[in-house]
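> Compute the structure for the input listed below.
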Amino acid sequence: MKIPTSSTGEPLRIVYEPDRLTFRGEKYNCVHIAFRDDGSDETFTTTESDSIWYNQLTNQYREKHGIPYRDEIVDLRERYGLSASKMSLILGFGTNQYRLYEEGEVPSESNGKMIRSAMNPKVFLDLVQSSRHQLAQKEFVRISSRVEEAIAQMQHWREERKEAERLFFSGRGLANGFAPQSSARLKNLLLYVLEKMGETFQTKMNKILFYIDFLSYRERGIAISGLAYQAIEFGPVPQRWDRIYSAFDEVQQQFRLVQGQECLSLLAGEKADMSRFSAEEIAIIDQVCVRLRDLTSREVSELSHGEPAWKEHVTRTEIIPYSEAFSLAGM
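Residues are numbered from 1 along each chain as shown. Predicted coordinates for the structure are as follows:
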C-alpha cells in the first residue's frame, strides 16, 4: 500500500482503527485504515485504503448471503467464453450489470443466487436455451457447444473440489482471509516461493505462508493461499500444514540432519505457473521472499513470535483471525 506524504514530504503515519460499519442494513466488524498528519492534526484516506476497507466489509456480506466473490464472477464468464454483456443478457440482468459485478459491485441476493446457480453448467445451458431468441443462431450454437464442453468436464471439477476440501480445513470466508481455495493455486504458490527462496525447511515455509497471507490481507483486504492459520507453540502454522506439502509431487521433500535432529526440507520440482495470480499478489509474495530469504528458520520463527497475531492466540492454540493482519509487525 502506498503511503501518502505530508506537505513537508514526510510519510504520514498509518492508523488502524476497529470499526463497526453498516452495509445494506447489516453491521459488520472491520478495520478502518487512515493516514495521520501529526503536524497538521489531520487524517486522510486514499482510494487504495478505502478499497481495503470495502473488501473487508463486502466480503463478509458475500460470505453471509452466499453471494459469489469477484474472482468467481470473472472465472464463471471466462469458463463459458462469453462477454460480460452476453452474460448479463442470458442471466436477465441489465446490459452492463455483469461487468459492474466483475469490477467489484456486490450483486443483490437474488442476482447473487442466479450467478451461483449458473456455476452449474447444466443450469446455465437451460438459461442459454431460454435466451435463444435473443441470440443470433451462430452465437447460440457456439455458446451451447461451449457449455456442453463444460458439462463434460464436471467430473474433473468435482475432483478438484474434493482435493480442495482435503487441503483447506476452513471453507472460504473470514477464517481464510476470503482467498480463493484452489489446489492448483496453492501448488504454484509453493513452487514459486521455493524458486525464490531455494531449499527451505518446512518450519520456515509455515511462517513464509503466514506472512504472505496476512500481509496480503493488510494490503488488499483479501489473502492469497486459501489457508487458515493456527497459533501453536512454535509459531503460526497453516491448518493441515503436515498435509499440504506432501499433497504435490512437484514439491520435493527430503530430510536433513540438523543438530542431531531430522528436519524436513522442501525443493521446487518444476517451474511455477503464476498465470492464476495477479500482479498485486506476485508483488506481495516477492516482498515477503525478499524480507525472509536470508533469515534462518530459527530467525524467522523468532520474528513470528513477536507478532501480536501469534502472542494473542497461542495459549489457546486458536485459529488466528485475519483482523490481526493490521497488527503485523515483521513486514
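
> Stretch 236-246: end-to-end distance?
19 Å (C-alpha to C-alpha, to the nearest Å).

> Just the buried positions in that stretch, please.
236-241, 244-245 (16 or more other C-beta atoms under 10 Å). For glycine as for every other residue, the C-beta is placed from the backbone atoms N, C-alpha and C.

> how about CSV for these, with pLDDT, distance to Leu91 and secondary structure added?
As requested, those are arranged in CSV below (pLDDT from 0 to 100; distance: C-beta to C-beta, whole Å; DSSP: H, G, I helix; E, B strand; the rest coil):
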residue, pLDDT, distance to Leu91, secondary structure
Pro236, 94, 41, strand
Val237, 94, 42, strand
Pro238, 94, 36, strand
Gln239, 90, 36, coil
Arg240, 82, 36, coil
Trp241, 84, 40, helix
Ile244, 90, 36, helix
Tyr245, 91, 40, coil
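
> Nearest to Leu227 among these?
Pro238 (4.2 Å; C-beta to C-beta).

> does the closest one really touch Leu227, like I thought?
Yes - under the criterion of C-beta atoms under 8 Å, Pro238 makes contact with Leu227 at 4.2 Å.

> Overlap in contacts, the two.
Residues touching both Pro238 and Leu227 (C-beta atoms under 8 Å, 6 or more residues apart in numbering) are 209, 244.

> ranges for the strands of the stretch 51-200 of the chain?
Taking DSSP state E, counting those that start in this stretch to define them, one finds strands in the stretch 51-200 of the chain at 200-201.

> can you list the weak-confidence ranges in it?
Along the stretch 51-200 of the chain, the model assigns pLDDT under 70 to no residue.

> now the helices: where do they sit in it?
Ranges of helices in the stretch 51-200 of the chain, per DSSP state H, counting those that start in this stretch, are 70-80, 84-91, 97-102, 109-118, 121-130, 137-152, 154-167, 183-197.

> Over to the most centrally placed residue in the chain: give its phi and psi.
Here the mean C-alpha position of the chain is nearest to the C-alpha of Ala179 (C-alpha atoms, centre = their mean), at a distance of 2.4 Å. Backbone torsions for Ala179, taken as degrees, to the nearest 10, come to phi -80, psi 150.

> Kindly indicate whether the nearest residue to it once chain neighbours are set aside is helix, strand or coil.
Sequence neighbours aside, Ala223 is the residue nearest to Ala179 in space, at 4.0 Å (criterion: C-beta to C-beta, 6 or more residues apart in numbering). When the structure is reduced to helix, strand and coil (DSSP: H, G, I helix; E, B strand; the rest coil), Ala223 reads as coil.

> Isn't Ala223 up against Ile285?
No - under the criterion of C-beta under 8 Å, Ala223 is not in contact with Ile285, lying 11.7 Å apart.

> ok, back up a step: farthest pair within the buried residues of stretch 236-246?
The two members of the buried residues of stretch 236-246 with the most space between them (C-beta to C-beta) are Pro236 and Tyr245, at 16.0 Å.

> residues near Glu195, how many?
For Glu195, the number of neighbouring residues by other C-beta atoms under 10 Å comes to 15.

> cool, the one 10 residues further on as well?
Using other C-beta under 10 Å, Met205 has 25 neighbouring residues.

> Check for me that it belongs to a helix.
Yes - using three-state DSSP, the assignment for Met205 is a helix.

> thought it was touching Ile244?
No - counting by C-beta under 8 Å, Met205 sits too far from Ile244 to count as a contact (9.4 Å).

> ok, so what distance separates Thr58 from Gly25?
Computed with C-beta to C-beta, to the nearest Å, the distance linking Thr58 and Gly25 is 14 Å.

> neighbour-wise, which of the two wins?
More neighbours sit around Thr58 than around the other of Thr58 and Gly25, counting by other C-beta under 10 Å; the figures are 22 against 5.

> list the contacts for the more buried one?
In this structure, Thr58 makes contact with 23, 104, 106, judged by C-beta under 8 Å, 6+ apart.

> Next: Pro68.
Pro68 touches 62, 76, 107, 112, 115-116, 119, counting by C-beta under 8 Å, 6+ apart.

> Next one, pLDDT for the nearest residue to Arg36 once chain neighbours are set aside please.
Closest residue in space to Arg36, ignoring its immediate chain neighbours: Arg13 at 4.5 Å, by C-beta to C-beta, 6+ apart. Per-residue confidence (pLDDT) for Arg13: 91.

> And for Gly260?
In this prediction, Gly260 carries a pLDDT score of 67.

> now swap in Val314 and tell me
Reported pLDDT for Val314: 86.

> before we move on, what about Thr317?
69.

> Pull the number of nearby residues for the residue lying closest to Glu160 once chain neighbours are set aside.
In space, and not counting its chain neighbours, Glu160 is closest to Ser183: 6.6 Å by C-beta to C-beta, 6+ apart. Neighbourhood size, Ser183 [other C-beta under 10 Å]: 21.
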